[in-house]
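Participant: Just need the structure, nothing else, for what follows:
(2 chains)
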Amino acid sequence: MLETHILNLLLLIPAAVTVLLFFVPSENKLACRALSVGAGLVTLVLAGYLFFQYDQDAGGMQFLFRMDWVPSLGIQHQLAVDGISVAMVLLTAIVYTAGALVSWHVEKRSKDFYILLNALVTGVFGVFLSMDLFFFYFYYELAVVPMYLLIGYWGSANREYATMKLTLYLTAGAVVALLGLLMLYFSGITSEPTFDLLAIKAAVDAGGGLSLATQNILFPLLLVGFATIAPMWPLHTWSPGGHAAAPSAASMMHAGVLMKLGSYAIIRIAMPLLPEGAVIWLPWVAVLCSFNIIYGGLVAMNQKDMKFVIGYSSSSHMGYVLLGIAAFSDLSLSGAVFLMFAHGVMTALAFSLIGFFYEQTHTRMLDDLGGLMKQIPFVGICFVMMAMASLGLPGFANFASELMIIVGSWERYPIPTICALFGLVIGATYLLRTVKASFLGEMNPKWEKLRDAHGWLERSPFILLLAVLIFFGFAPWTLVDVISTGVEPLVDTLHAAEAALGR
Amino acid sequence: MDTSQILNVFGIEMWLGVLALVLIVADLITGRGRLTGPADMVRLVAMGGLAVLLAYAFMLSPAEQASSWGTLDTFALFFKRFFIATALFTLLLSAPYEARFTGGRGEFPALVVFTTMGMCMLASVSDFVTLFVALELVTVTLFLLAAYRSGLPRSIEAGIKFVIIGAVAAAFLVYGIAFVYGTTGSLDFEGVRAALAATDEVPKGLTFGLLLVVVGLAFKLGAVPFHIWVPDVYQGAPTPVTAFLSVGSKAAGVVLLMRLVFTVLGPVAGQWATLLAGLAALSLLMGNLGAIPQKDMKRFLGYSGIAHAGFLLIAMAVQSEASASAVLFYMVAYLFANIAAFLVVIVVSRTPDNAHMDRINGLAERSPFLALALTVSMLSLAGVPPFAGFVGKFLILRAAVADPALLPVVILSLVMIVVSLYYYLCILKRMYFREPVDTGVLEITGSTRLILLVCVVASVVLGIYFNPLVVAAEKGAAALFG
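Facilitator: The predicted structure is shown next:
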């Protein structure tokens, strides 16, 4: 029972909470909060179960659930996970739980806030679980649009501009991808047009891949569409402003999970279905992602607002993910997926911590802060650990994943890899600078009233996220083994395509 | 031609006519609608009658034999149900609005029913004479309805603009029909189709005639080149009438254009695709770009309607079964979204009586329920999942991508989806991020609540579990392809 319906449950729980919340009276804030946190915990348990029950020796797609949805159009409700999705589902559940916990303090229209948050989470789970191109797009848009209200209503600084830009950018990317998906649907890989991703993949693997000319058109369409949310330079400009304006839980979901949808889609759809196209176009990604790393890092170094530092650092780190994807070796691609996971947790931690003291200080300007460590030591220590994780200190998951990417990419793209190494130095610079400016040094007397995180309820999200980072930092193989079962077949496909192209 | 054959095809229309006459008589007896009670009674009778006819239309099965006057195929039935449902919604919408009428409250339902009768006839027409008669029945009653608030200059203005542009469009249409008759000697669709199929070289007169007919129908559809009346008339007409215009009248254009494009023009489909795609592109540009600076909700919805007409025209240009069924789905999604939007406009624009966009500022504070309904409506129109509008847009795009020749207009429509998302989100911005300008209490009656709930639930359900409607739409569209 659980085996067949676990993926349905993961999708339906946040969806059901979204609907249920409409019937909870808005004065009853406790019920809204408890319902969301409870749902988060249940999905966390289910995702953990999935992680442990996923059969690594067998690999491939597991826990398959399939149901015809619209037979005449070839649309089906089809859920399945491979090693890559397992990692992403786990990430989503972790960030969802933590996000629901830190939003406990949202007082303004908290019911509506949780409705939107749960709708967004439904979309994210849907993207990671769905093996149907129609529903993939469906959930993708479902994940993007609630963000508009989340940022616009509960956000801070310049939120109306930031949220409009974010929504339009991501939708623009999405429609480009939609064109690619529809062309893929009609490309004649399968005898009857179908949105069934597994069927298309099986047809491609059986030697029915598309002509090189078609792949050369489709791959860039999908790449540009999905890379907008990844976000690949120069399509990243929506991201730092959006992160900065968003309320904590929204930035956590956004930087933690939503941005991963882009790289995930490239790995899940574009690369396996269009391997020759991938081999031809991925070197461009390697070039552009170097800009991500260096440019994003340098801009982060000059920011005065902490959220902007983390925002630009996110786009810099996503450069590593894209580099790992572009190099498509076993090591680099596994590292990329692992970094998606690690960065998701790390950045969720960063935004939840910043959100915690921003609620009290109402400023995130580095010049105004300083010496906060004395006043809020728990948050301060968590923040320092977050910074250490982010700059790639051994012992955190980020280090392991970035190392995998750098080692795995060296052979194919030496120059971008050198950029990536240099990026680590830049990262260390702006993160240490941020830590110094905000938590160390003389304390501004006006922060004497600051309150630290007290009690389990307030501390639990930070502890949860840190524990995950440290656990997978010391035992990376536990996750990497699962991921690599999903990555290896893809790498083989790409290498075969490369050989066929004679490169 | 015997009577039973006519009744076979136009049964619903006969009953609608009877209902309208009953309403007029009832209005006369009860004192010409000056009293509140009797006028409400007349409206209730009208709604009851329409509800019964709607149920009847759902039970009706397609007629086996087509008479030469018209056909009752699955396609016609689909749209008859659609029109009656729209009329029912319009009357429901008019309940909270009627207090603003100075007189003639009893005749209002009768006129709506007459219009519906014309629309239902349009769904069945199979020759150009019936087409013109039915179309004029629809147009003339709509002229009256648009100018219904005779005390209000802008309502009169709306009526006059509508009459003038409508007359020009009708002239185009009749002139076109004359050319068609002149070159083929036939007035029924089958005959013209046969004439087109018979020759490789289509006579120039015939093409010219059909061109005029198609252009004339763009008036009903609210598409370029006869779109210019849309914002003005939408703004000036009483809001329930605007809702009726935006859904019913547009659907009337859709039903005729589909009959023409998919059946009559079938043999020469390829030659017309470019024209239709061009009109689609212009409508998309005109509607979407025009909607951005609007400050009046009804004008705004007018421009958005032009944009949606553009989307529908893309599907016409594709001319496949997939695109035809996509249009049917799209219209249903559009129905629920638009009815909800206009109802919210009616509620917020009570006093003072205008639909300036400021009136919806801070609506989320004043009435979360109205704000939710308008949010769902706007997002459905924008084509965002999980709402029905998304599936409609998706189906049209899916059909259009299959035809590589239409790639430019597909790309344009994708760009315009992003543009439209911008202005629909601006409505959300006003509702959620702005302080209210009005502070009065919003009067939300039980029926308002019910209609909005129906629209919201329908938009969501059809956006997620859309298979039944897709199947129904496919069945409806299949009739066009014999």
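Participant: can we go C-alpha only for contacts and neighbour counts from here?
Facilitator: OK.
Participant: Report how many residues lie close to A:Val487.
Facilitator: Residues lying near A:Val487 (other Cα atoms under 10 Å in any protein chain shown) number 28.
Participant: how about it, what does it touch?
Facilitator: For A:Val487, the contacting residues are A:Gly83, A:Ile84, A:Asp330, A:Leu333, A:Ser334, by Cα atoms under 8 Å, 6 or more residues apart in numbering or on different chains.
Participant: Roughly how far does it sit from chain B?
Facilitator: Distance from A:Val487 to chain B, counting by Cα to the nearest Cα, to the nearest Å: 31 Å.
Participant: Can you give me the distance of that residue to A:Met131?
Facilitator: Noted for A:Val487: a distance of 16 Å to A:Met131, by Cα to Cα, to the nearest Å.
Participant: Tell me which residue in chain B sits closest to chain A.
Facilitator: Nearest residue of chain B to chain A, counting by Cα to the nearest Cα: B:Asn467, 5.2 Å away.
Participant: Hmm, A:Trp69 and that residue touching each other?
Facilitator: Yes. B:Asn467 lies in contact with A:Trp69 (Cα atoms under 8 Å); the separation is 6.7 Å.
Participant: these two touch, right, B:Leu285 and B:Ile306?
Facilitator: No. Counting by Cα under 8 Å, B:Leu285 does not reach B:Ile306; the two are 9.1 Å apart.
Participant: B:Gly49 versus A:Tyr114, what's the distance?
Facilitator: From A:Tyr114 over to B:Gly49 (counting by Cα to Cα), the distance is 44 Å.
Participant: Those two: which is more packed in?
Facilitator: More crowded of A:Tyr114 and B:Gly49, by other Cα under 10 Å: A:Tyr114, with 26 against 20.
Participant: Can you pull the residues of the stretch 1-150 of chain A lying near chain B?
Facilitator: Residues of the stretch 1-150 of chain A found near chain B (Cα under 8 Å from any Cα of the partner chain) are A:Trp69, A:Val70, A:Phe138, A:Tyr139, A:Glu141, A:Leu142, A:Val145, A:Leu149.
Participant: How many neighbouring residues does the first one have?
Facilitator: This means A:Trp69. For A:Trp69, using other Cα under 10 Å, the count is 17.
Participant: Confirm it sits in a strand?
Facilitator: Yes. Looking at A:Trp69 with DSSP: H, G, I helix; E, B strand; the rest coil, it is inside a strand.
Participant: Give me the average confidence score over stretch A:384-401.
Facilitator: The predicted model gives stretch A:384-401 an average pLDDT of 88.
Participant: Show me the contact partners of that stretch.
Facilitator: By Cα under 8 Å, 6+ apart, the list of residues contacting stretch A:384-401 from outside reads A:335-336, A:338-339, A:342-343, A:346, A:349-350, A:402, A:424, A:427-428, A:431-432, A:435, A:466, A:469-474, A:476.
Participant: neighbours of B:Phe481, just the number please.
Facilitator: The local packing of B:Phe481 (other Cα under 10 Å) involves 11 other residues.
Participant: OK, contacts around it?
Facilitator: Each residue near B:Phe481 by Cα under 8 Å, 6+ apart is listed here: B:Phe262, B:Thr263, B:Glu321.
Participant: do you know how far the nearest residue in space to A:Gly408 that is not next to it in sequence is from A:Glu402?
Facilitator: Among residues not flanking A:Gly408 along the chain, A:Ser332 sits closest, at 4.3 Å (Cα to Cα, 6 or more residues apart in numbering or on different chains). Taking Cα to Cα as the measure, A:Ser332 falls 9 Å from A:Glu402.
Participant: and if you look at B:Gly302?
Facilitator: Going from B:Gly302 to A:Glu402 by Cα to Cα gives 54 Å.
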